[in-house]
Each structure stands twice: as C-alpha cells, then as structure tokens.
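*Asks:* Have a look at this prediction, sequence included:
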Amino acid sequence: MGRKDLFARLGVLLTAFLLATAEAGPRANQVSSQAAEREFRDAVEIGNDGGGYVAEYALRLYEMKEERRKVKFVGVCDSACTLFLALPAEQTCITDGAYFRFHAPSAPSASAAQAVGAYMMRKYPVLVRAWLAAQGGLSDRLATMSYQYAQNFMRTYNSTQR
C-alpha cells in the first residue's frame, strides 16, 4: 500500500472513529492499587512501544474500547501509542516506571500533520491536554510525562504483583 492510499485510509478511519467514539471522561483520581491488581491481572500490557502510524493506533484504540479491553501501561509508550490514554479511565492503569512521550505527528504535508495533531489532542483526556499545554503543546521536541505525574490521575498497578 502506498503512502497516498495509507493517508486516504487514515482520513476514512479517523472520520469513522470520531463518529463512533465519545470523548473519554475525566480521569478519576487514583484508585487503590489492590483493586487495580485484581481487575487488570489479564490486561493488555503496553510497554516499549515506539509508536507508528496514527491511523493504525486509532483503529486499535477503537477496537479496545469496543471490546472493553483493559490496558496496563508497563513501560515506555511513545508517539501514536499515547492514543491509548484516550481509553475510558476504568479501562486503564499504570505501573511504576511507565511513562509517555509526546511529539507532533509527521505527515507528507503540513496540513495533514496539523489535522492528525488536532485529532490526537481531541482524543486525549483532560489530564494529557492540560499537561501538554503546560509543555507548550505538541511540537518537534519530545516531551516526557513521568509516572510520578500520571499516577495522580490514573489507577496504579503494583508491578511486583504481576
């Protein structure tokens, strides 16, 4: 599949995705680690994920949301991988040492990159949008959201109990 076809599919997927999903609600404050350990024992683990095409991650996000799959962030989650933060709060948790890295998306044109960046910002929960705004927004600079920050807004999972 050529780049042109991939970006055409991206537009179709993003439109369908936007119509089919609602904005993730605000993240609840930290829930007890014990409850998360029981609930997230068989969750999909996201770690050492360097990202990729936003369209592919948007499709996976949609599928995980529809299937109500639990996601446990266990390591680095870069770039397009951060879209998984758009899952409802009850579907996600974070382990000690996990972190997220953000940057502006790349695309064949400035307008496509701007559209993809705007899409990502719409999907991110309030905690991420606020943090990114404090960092100056999505840019070419890599911005790292630490576990120490994210744990204030996400369920935590004691990774020693895995």
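*Replies:* Okay, I see it.

*Asks:* for the protein, what spans make up the strands?
*Replies:* 44-46, 71-73, 76-78, 92-95, 99-102, 143-145, 155-157 (DSSP state E).

*Asks:* distance between the fifth one and the chain's centre?
*Replies:* In other words, strand 99-102. In terms of CA atoms, centre = their mean, to the nearest Å, the centre of strand 99-102 is set 9 Å apart from its chain centre.

*Asks:* same deal with the third one?
*Replies:* Centroid separation between strand 76-78 and its chain, computed with CA atoms, centre = their mean, is 9 Å.

*Asks:* Next: the first one.
*Replies:* In this view, strand 44-46 has its centroid 12 Å away from the chain centroid, taken as CA atoms, centre = their mean.

*Asks:* in it, what's buried?
*Replies:* E45, I46 (16 or more other CB atoms under 10 Å). C-betas here are computed from N, CA, C, even on glycine.

*Asks:* cool, the fourth one as well?
*Replies:* The neighbour-count criterion (16+ other CB under 10 Å) identifies T92, C93, I94, T95 as the buried residues of strand 92-95.

*Asks:* returning to what we had before: CSV please, covering the strands of the chain and showing distance to A130 and mean pLDDT.
*Replies:* Shown next, in CSV, are the strands of the chain (distance: least, CB to CB, whole Å; pLDDT from 0 to 100):
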stretch, distance to A130, mean pLDDT
strand 44-46, 22, 92
strand 71-73, 18, 95
strand 76-78, 18, 96
strand 92-95, 17, 94
strand 99-102, 13, 97
strand 143-145, 11, 97
strand 155-157, 19, 89
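
*Asks:* Q114 is nearest to which of those strands?
*Replies:* Between Q114 and those, the shortest separation by CB to CB is 15.7 Å, and it involves strand 99-102.

*Asks:* sorry, back to before: I'd like the strands of the chain written out as JSON lines, with distance to V116 added.
*Replies:* Putting the strands of the chain into JSON lines (distance: least, CB to CB, whole Å) gives the following:
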{"stretch": "strand 44-46", "distance to V116": "20"}
{"stretch": "strand 71-73", "distance to V116": "22"}
{"stretch": "strand 76-78", "distance to V116": "15"}
{"stretch": "strand 92-95", "distance to V116": "22"}
{"stretch": "strand 99-102", "distance to V116": "13"}
{"stretch": "strand 143-145", "distance to V116": "17"}
{"stretch": "strand 155-157", "distance to V116": "28"}
